[in-house]
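[1] Prediction below, plus the sequence it came from.
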Amino acid sequence: MTGCCTVLGAFLFEYDTPRIVLIRSRKVGLMNRTVQLLILAYVIGWVFVWEKGYQETDSVVSSVTVKAKGVTMTNTSKLGFRIWDVADYVIPAQEENSVFIMTNMVITMNQTQGLCPEIPGKTTVCETDANCTAGSAGTHSSGVATGRCVSFNGTLKTCEVAAWCPVEDDTEVPKPAFLKAAENFTLLVKNNIWYPKFNFSKRNILPNITTAYLKTCIYDAKTDPFCPIFRLGKIVESAGHSFQDIAIEGGIMGIQIKWNCNLDRAASFCLPRYSFRRLDTRDLAHNVSPGYNFRFAKYYSDLNGAEHRTLIKAYGIRFDIIVFGKAGKFDIIPTMINIGSGLALLGVATVLCDVIVLYCMKKRYYYREKKYKYVEDYEQGLGNQMDQ
Amino acid sequence: MTGCCTVLGAFLFEYDTPRIVLIRSRKVGLMNRTVQLLILAYVIGWVFVWEKGYQETDSVVSSVTVKAKGVTMTNTSKLGFRIWDVADYVIPAQEENSVFIMTNMVITMNQTQGLCPEIPGKTTVCETDANCTAGSAGTHSSGVATGRCVSFNGTLKTCEVAAWCPVEDDTEVPKPAFLKAAENFTLLVKNNIWYPKFNFSKRNILPNITTAYLKTCIYDAKTDPFCPIFRLGKIVESAGHSFQDIAIEGGIMGIQIKWNCNLDRAASFCLPRYSFRRLDTRDLAHNVSPGYNFRFAKYYSDLNGAEHRTLIKAYGIRFDIIVFGKAGKFDIIPTMINIGSGLALLGVATVLCDVIVLYCMKKRYYYREKKYKYVEDYEQGLGNQMDQ
Amino acid sequence: MTGCCTVLGAFLFEYDTPRIVLIRSRKVGLMNRTVQLLILAYVIGWVFVWEKGYQETDSVVSSVTVKAKGVTMTNTSKLGFRIWDVADYVIPAQEENSVFIMTNMVITMNQTQGLCPEIPGKTTVCETDANCTAGSAGTHSSGVATGRCVSFNGTLKTCEVAAWCPVEDDTEVPKPAFLKAAENFTLLVKNNIWYPKFNFSKRNILPNITTAYLKTCIYDAKTDPFCPIFRLGKIVESAGHSFQDIAIEGGIMGIQIKWNCNLDRAASFCLPRYSFRRLDTRDLAHNVSPGYNFRFAKYYSDLNGAEHRTLIKAYGIRFDIIVFGKAGKFDIIPTMINIGSGLALLGVATVLCDVIVLYCMKKRYYYREKKYKYVEDYEQGLGNQMDQ
């Protein structure tokens, strides 16, 4: 018990600090301080000031709503004179982080369940019934083959299918795009972000934006960088593409909102940055399944209850709102980790200088003598100690 | 070769350890141990126990389905007596991480393509045809102007537009909300989470929840914190808002599911925590484009094939299910990084005490003598060595 | 001023390095080098080579489009002969990261607003009007009760409700699934990923995939691991489930795309890895609200403008495309943090060996003498110094 107390006392009242050789040399001293300075500069300048290593970071949690505006008019032989408004060209009416604007279409009206010849193609053109396998339904066919070979028009015969008839013919996509005026439509993007770790939330409609401004503004990287209303044509152009080109076969555009916030500063410095990118990279040389389209139908009922439908293959631009960013705020742990490893790196200065002093300099034997005390294992000879 | 071996042998069989001054002093010793204790307490207590610095973390990957239930009845002069069920008020029928419940609406029935006067407004009221520009279609107009100024009602004249006629008049939103009974509708939220790094998955319908309980329970933070069925009214109230207020102009509610899991413990401790937040922050003083609404149409076909539609401007609450969280599990790398920087921090104790001992204490010269061995560059004088 | 310069000069031209005891002992030396080697091996081998600790990482930002293909035919007494194509079974027509394929359905045709008896159930069967509360609308009821008890069929009486009539009867789900042929439908998944920190983007349709290949290929883990076209049946089987089982009551399947990229290597090594997982874990013993379904309606208009609808309870498989992954690229900060803590860990070797040498070895007193220089606080006695 007493022994234990003694040991504890010795432990508590002891202070150990390494013994140091202090070499007073201009060359070595300057070198040492320079290396230390470089490491300090790196730790403080780069890790702390530039990369904000003293901050805990959090990823953004976001909620987005998009509202399209705009109306246009078309006049074709098939559909006649027609007005297109939001309820017509936004499909589906609402989505979570994206909005689809139809810009082009292949419309097949008055389809009913029945039997009709397939659209001519590599696998559908036939000479006799023997060319058509009854019951087969390939991935690209419009219906289930009946096994008969029927006349498609005066000259061609194709396999007959049970399908929604007449079958859609999408071999020719209208050029220019049917709703080419969509270039002038606008999107109002409302974005609310939240950093759960710091319980910080903000929306992209900034507090200083007035209702009057919001009614007239259009986003422009230079003049109106915080206006949340985007002209479709401008979005596509900002990403380096032509709206009229993309409108024909469709595509995906990313509206990227970057929220990089330093929460050690005032909340008003935490601002959204918009950028635009085409997400369906398309190189003309390597044109594998380009664009973006999907099919949907409007169903109607006849007097006698029979169903018919209008099938629309909708080409258009899907605008995906991609919200990303990191918020940083001072926190003790990353600070300590960075200080800790900074200190350890400072030790590198000593190691580096030691290597130079003890191995490369002329007076290396002299310095070694000063730094080291050689102790031989006394089985091999106790007297060999060289000590200064 | 032999020289090489000698060097290698010397390298392998050498052991270097710093020489230490062990100062037996109550004051300095206690100070040293106290600083070391504080650093140890920080490293062990804060970094390891509290922040679980020994764990590798992973972010959640989640899949959500939502199912709404509820039925209500309205009786208005325009629509007559009408029942509203899930297929009527959930638009679109299914989404990935959210669900929209229509609570209010402006309905415009029997629209057809045609010409009709605009709704009176700042830019649409006119005196003569000169006030209306043919072919213009502003962002907020319902159609394309024909250039004629026609009578809207007995007293007012507005510009005529080619549009879906009659044009929608959304100047007055029904108050109270049309489907105010939506307050009692319920949402069943099914959530399946996955931590890919640890290949750990769990769902929010916990193993101990029975079918019977699931048929009757309603989420309540206190009594039923794990029931995945939410009453709309309760969600909105939990977030500190009034359902009847939000129902009029719509809004976005976040249902946040937090999965913070310590996977070093049993899986049954990994539980979802629900919280609710309104995502479209709305301050009455700064009322820029409040609420949430969108337009959609139901298309009908006449006997002779002409299309007409019912346009609905749907106001409602979009419930976004936001799943977030981090799972932690013991891993050697973060443990080592934290131990490493903890050790480096322990070195700070020595540096700190050294500063006090060597610069602040009365006996500083005595201690300095013990710690340092001064070596002058021997060009400047070999004899100056002061060694203990 | 001169004093200041002297101090600065002394500071600049000084170099301090710890004094070292160099013990020449085979046992201790080997032990020391072994421990150092182990730590070095861990730091270099594990942290740097295996876990790539020298890399900065970034999480993936992704955009997904899905296109379903396939057509099938059904022949039932209720619907007669009918063809189902993409526009019929994909609901809604497009979503952001997922696609729903209807595989089964309960269809209720020609519903109109009216009064009709409820489907018999625990709470709906009645004897007299007293059993039915007028105006009540439970969570699971189809409409609002009128308070009357009416005949459901010859033998049963149920409460009358104001509802879309006739009321849906979903007690029996078709078995086998109505659209069981959906097994052969295919999904084309286009995925574009982006690592914002490194401004690196790539799509899952790799540059070497030709249009011809894309027209015929089907994903297979072994033979076609980079074909982005998936057969529904194969997806479900890969996840270890039976398609015909899941088709009856519906479910959620996750198509997981993992993009783990080492951007220090060529971009062509950054490849997507597909895996499949069922997200709505279903154990038969604990069958709480299984599967996935939702209701939607097609609205029709009568000659006289009255609305009727076809209600469809759609069971089906929702395919969620879950994209995750991390890209790493060399960066100075994590490198330095890892080197720093690695160096600090190397210090552990000395501490460890010190403990063994100074406390466990026979010659511990001899080594202690060499390492330590004891200094007593000279208040307690200056003469006690023991120095070698």
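    The structure has been received and is ready for your questions. Numbering: from 1, shown residues only, chains lettered A, B, ... in the order given.
[2] Of all the residues in chain A, which one is nearest chain B?
    Each residue of chain A has a distance to chain B, by CB to the nearest CB, and the smallest belongs to A:Gly340, at 2.8 Å. Just so you know, the C-beta spots here come from the backbone N, C-alpha and C atoms, and that holds for glycine as well.
[3] That residue touches C:Leu345, doesn't it?
    No: look at A:Gly340 against C:Leu345 with CB atoms under 8 Å: they stay out of range, at 11.6 Å.
[4] Need the residues touching each of these two.
    Shared contacts of A:Gly340 and C:Leu345 (CB atoms under 8 Å, 6 or more residues apart in numbering or on different chains): B:Gly340, B:Leu343.
[5] if you go through the stretch 151-300 of chain A in chain order, where are the strands?
    Taking DSSP state E, counting those that start in this stretch as the test, the strands found in the stretch 151-300 of chain A are A:157-165, A:186-195, A:200-203, A:229-231, A:251-258, A:261-262, A:273-278, A:293-301.
[6] TSV for these, including mean neighbour count?
    Below are the strands of the stretch 151-300 of chain A laid out as TSV (neighbours: other CB atoms under 10 Å in any protein chain shown):
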stretch	mean neighbour count
strand A:157-165	25
strand A:186-195	22
strand A:200-203	19
strand A:229-231	21
strand A:251-258	24
strand A:261-262	20
strand A:273-278	18
strand A:293-301	21
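[7] Just send those strands back as a markdown table, with mean pLDDT too.
    Putting the strands of the stretch 151-300 of chain A into a markdown table (pLDDT from 0 to 100) gives the following:
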| stretch | mean pLDDT |
| --- | --- |
| strand A:157-165 | 91 |
| strand A:186-195 | 91 |
| strand A:200-203 | 88 |
| strand A:229-231 | 95 |
| strand A:251-258 | 92 |
| strand A:261-262 | 92 |
| strand A:273-278 | 92 |
| strand A:293-301 | 91 |
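[8] Tell me which of those strands lies nearest to B:Tyr54.
    The minimum distance between B:Tyr54 and those falls on strand A:186-195, with 25.3 Å, by CB to CB.
[9] chain center to that closest one, what's the gap?
    Strand A:186-195 has its C-alpha centroid displaced from the chain centroid by 16 Å (CA atoms, centre = their mean, to the nearest Å).
[10] so does it get close to chain B?
    Yes: in this structure, strand A:186-195 sits against chain B according to CB under 8 Å from any CB of the partner chain; the contacting residues are A:Thr186, A:Leu188, A:Lys190, A:Asn192, A:Trp194.
[11] can you list the weak-confidence ranges in the stretch 201-350 of chain A?
    Using pLDDT under 70 as the threshold, the predicted model of the stretch 201-350 of chain A has low-confidence ranges A:282-289.
[12] who in the stretch 201-350 of chain A is up against chain C?
    When proximity is defined by CB under 8 Å from any CB, the stretch 201-350 of chain A lies next to chain C at A:252, A:254, A:256, A:258, A:277, A:279-281, A:286-289, A:292, A:294-297, A:299-301, A:303, A:305, A:309, A:311, A:314, A:318, A:320, A:322, A:324, A:337-338, A:340-345, A:347-348, A:350.
[13] longest strand of chain A?
    strand A:98-117 (DSSP state E).
[14] A:Leu358 - how many residues pack around it?
    Taking other CB atoms under 10 Å in any protein chain shown as the criterion, the count of residues near A:Leu358 is 17.
[15] Next up, the contacts around it.
    Contacts for A:Leu358 were tallied using CB under 8 Å, 6+ apart; they are A:Arg364, A:Tyr367, A:Arg368, A:Lys371.
[16] repeat that for 10 Å
    For A:Leu358, the contact set (CB atoms under 10 Å, 6 or more residues apart in numbering or on different chains) comprises A:Arg364, A:Tyr365, A:Tyr367, A:Arg368, A:Lys370, A:Lys371, A:Tyr372, C:Thr17.
[17] In three-state terms, label the fourth one for me.
    When you say that, I think you mean A:Arg368. At A:Arg368 the chain is in helix, as set by DSSP: H, G, I helix; E, B strand; the rest coil.
[18] circling back: between A:Gly340 and C:Leu345, which has more neighbouring residues?
    The residue with more neighbours, out of A:Gly340 and C:Leu345 and counting by other CB under 10 Å, is A:Gly340; that gives 27 against 23.
[19] isn't that one right up against C:Met336?
    No: under the criterion of CB atoms under 10 Å, A:Gly340 is not in contact with C:Met336, lying 11.7 Å apart.
[20] what does the stretch 151-300 of chain A have sitting close to chain B?
    Where proximity means CB under 10 Å from any CB of the partner chain, the interface of the stretch 151-300 of chain A facing chain B comprises A:181, A:184-186, A:188, A:190-194, A:196-197, A:201-203, A:205-216, A:218, A:228-229, A:231, A:298-300.
[21] Quick check: which ranges of the stretch 1-150 of chain A have low pLDDT?
    Across the stretch 1-150 of chain A, residues meeting the criterion (pLDDT under 70) sit at A:1-2.
[22] So which residues of it form helices?
    Across the stretch 1-150 of chain A, reading from the start of the chain, the helices by DSSP state H, counting those that start in this stretch fall at A:2-12, A:26-41, A:86-89.
[23] could these go into JSON lines alongside mean neighbour count and distance to chain C?
    Rendered in JSON lines, the data for the helices of the stretch 1-150 of chain A read as follows (neighbours: other CB atoms under 10 Å in any protein chain shown; distance: least, CB to the nearest CB, whole Å):
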{"stretch": "helix A:2-12", "mean neighbour count": "10", "distance to chain C": "11"}
{"stretch": "helix A:26-41", "mean neighbour count": "16", "distance to chain C": "4"}
{"stretch": "helix A:86-89", "mean neighbour count": "22", "distance to chain C": "13"}
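[24] Many thanks, I have nothing further to ask.
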